[in-house]
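Student: What follows is a protein structure lacking sequence information:
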């Protein structure tokens, strides 16, 4: 990557048919056409009928269990392809009603699949576990399904009798009510006010405009106006937001008790067999290691030269520099950044670019954001909305981490254990970003660009580790208040959130009370409780792996490469905490957390030195 961009910039058109083909994905790798897709769709009914014929036979012996497992996997792989083909088309143009109709048809198939296979787990559990373990030992063909079968038995103590499961099933239709209510209030029916900025522009302080304003408005008074306007939505009705969140907390505690868990945290983590101590140690370690976070914000206060420094000042760049980052430059730098993983790994990354696994640029009707979506038996597909920015370049590196994780997992694991957990997934994407940063820092000689890169890395670390750990502390405290039978009001939630901010930021920020209702605008709290901590644990794991991958000791580097690639190849064949331990990351120790805190200090040291040069 040169300091002066020479590669062509993104297309000026948003008409998909006018975008060069090499920048669009090729979905014929899944199906050549919808005629072939329709034939496979028709096969599903035949396979479901065959699966239903096995009902009542599992106790006959391991051959029947094997037959059910093979048929279930065949149905699963087929459903995967049937969904991805129109699903990816829908992502490239959300306006296509014909494609939407096909997606809906596949969703109907999924519902039939769930109904036709619902008998399997209860019937499997009628076979005593010692008997099943004997069958597994004597039937090598069942080995690919050993882990998921034994997982069913592990969680059996939280399966209720038929009447209990029926009651929980009836109540499940209400489980999404708090989340749906939040979404309607925060997105559909929201009315953000308009704000007039110092240059005379009038802007509606919507979600996107608010975040963009905090990152681009150089005048602090403009940032304050944007903040005040945006937060009127939450500040004027905190009791309503609190009532909705109270519904989430009570639902989680009801389900935990109904399934005989001792706490909501235990219930949330048991699916992946993650010990509750992992979350508790994460929060404690993040608070104990919060000095780099505070140090960074004290540095920002000094560089920005403001009398009062609030969290709304935490996003604006310290150094302004024009840095277009054309897509073709990302490809070259990204391939170089993963050279340590070997020629085959590099060649696969190259293939993703040359064989059209990636849909690169925005077009009319295309969904926003970015993702990597696996198709078992084919390859992953990546969706981008690339706009020639540095953030976009890091997004490519992030999604390529997921893509390579999927490639290696699908190539090594049978379908039954090919899917990996979120706890492990983000480790690959974040490690990729760390290596990409190393490459960019080595290639740029401009101190202004170096400062931009360092701030990007520090901001990403603060957001991924400290902020998500702070959110985890808030969630844990709120849930435990309900478990203790304490009342939940807006005032209580404000107190919990501000206490969390104090624990992390201390006196590095002014006017903490301005953030008293931030909890009300975090969608994860309402939609996926006990989820955000995984970003923080992944950030720690990636930091420790990166430290070892770039060690001056060649033997440490070599061993870490082997362990890391083995992690990616392991898919979902074990509990994620055990998978991470095999990769050299032990979450029962403080090593992952210490590695991240040390890395934060080094990055801030580098930023301070670079700013001195400027």
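Tutor: Received it, and whenever you're ready, just let me know what you need. These figures come from a predicted structure and were not determined experimentally. Residues are numbered from 1 along each chain as shown.
Student: Three-state assignment for residue 529, please.
Tutor: Secondary structure assignment for residue 529 (DSSP: H, G, I helix; E, B strand; the rest coil): coil.
Student: show me the contacts for it.
Tutor: With contact set as Cβ atoms under 8 Å, 6 or more residues apart in numbering, residue 529 has these partners: 248, 252, 264, 268, 475, 479. All C-beta spots, glycine's among them, are computed from the backbone N, C-alpha and C.
Student: now those residues in a markdown table, with pLDDT and distance to residue 46?
Tutor: Output for these, formatted as a markdown table (pLDDT from 0 to 100; distance: Cβ to Cβ, whole Å):
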| residue | pLDDT | distance to residue 46 |
| --- | --- | --- |
| 248 | 97 | 42 |
| 252 | 97 | 41 |
| 264 | 98 | 43 |
| 268 | 96 | 38 |
| 475 | 98 | 46 |
| 479 | 98 | 46 |
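Student: what are the phi and psi angles of residue 383?
Tutor: When read as degrees, to the nearest 10, the backbone of residue 383 gives phi -110, psi 130.
Student: Any idea what it is bridged to?
Tutor: Residue 383 has these beta-bridge partners by DSSP bridges: residue 359, residue 371.
Student: How about the contacts made by it?
Tutor: Contacts of residue 383 were listed using Cβ under 8 Å, 6+ apart, and they are 25, 88, 91-92, 358-359, 366-367, 369-373.
Student: swap the cut-off to 7 Å and go again
Tutor: Contact analysis of residue 383 by Cβ atoms under 7 Å, 6 or more residues apart in numbering lists 91, 359, 370, 371.
Student: what two of the contacts of residue 529 are the furthest from one another?
Tutor: Across those, no pair lies farther apart than 248 and 268, at 11.9 Å, counting by Cβ to Cβ.
Student: So what's the residue count around residue 463?
Tutor: By other Cβ atoms under 10 Å, the residues close to residue 463 number 15.
Student: Tell me if it really is in a helix.
Tutor: Yes. The assignment for residue 463 is a helix, going by three-state DSSP.
Student: quick one: it from residue 409, how far?
Tutor: Separation of residue 463 from residue 409 (Cβ to Cβ, to the nearest Å): 27 Å.
Student: related to what we said a few turns ago, pick the one among the contacts of residue 383 closest to residue 216.
Tutor: Ranked by distance to residue 216 (Cβ to Cβ), these are led by residue 370 at 20.7 Å.
Student: Tell me which stretches of the stretch 151-300 of the chain form strands.
Tutor: 194-196, 202-204 (DSSP state E, counting those that start in this stretch).
Student: so can I have JSON lines of the ones you listed showing distance to residue 483 and mean neighbour count?
Tutor: Formatted as JSON lines, these follow (distance: least, Cβ to Cβ, whole Å; neighbours: other Cβ atoms under 10 Å):
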{"stretch": "strand 194-196", "distance to residue 483": "41", "mean neighbour count": "15"}
{"stretch": "strand 202-204", "distance to residue 483": "40", "mean neighbour count": "14"}
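Student: need the ones you listed in TSV with mean pLDDT, can you?
Tutor: Shown next, in TSV, are the strands of the stretch 151-300 of the chain (pLDDT from 0 to 100):
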stretch	mean pLDDT
strand 194-196	95
strand 202-204	95
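Student: Show me the shaky parts of the protein.
Tutor: 1-9 (pLDDT under 70).
Student: Alright, I will stop here.
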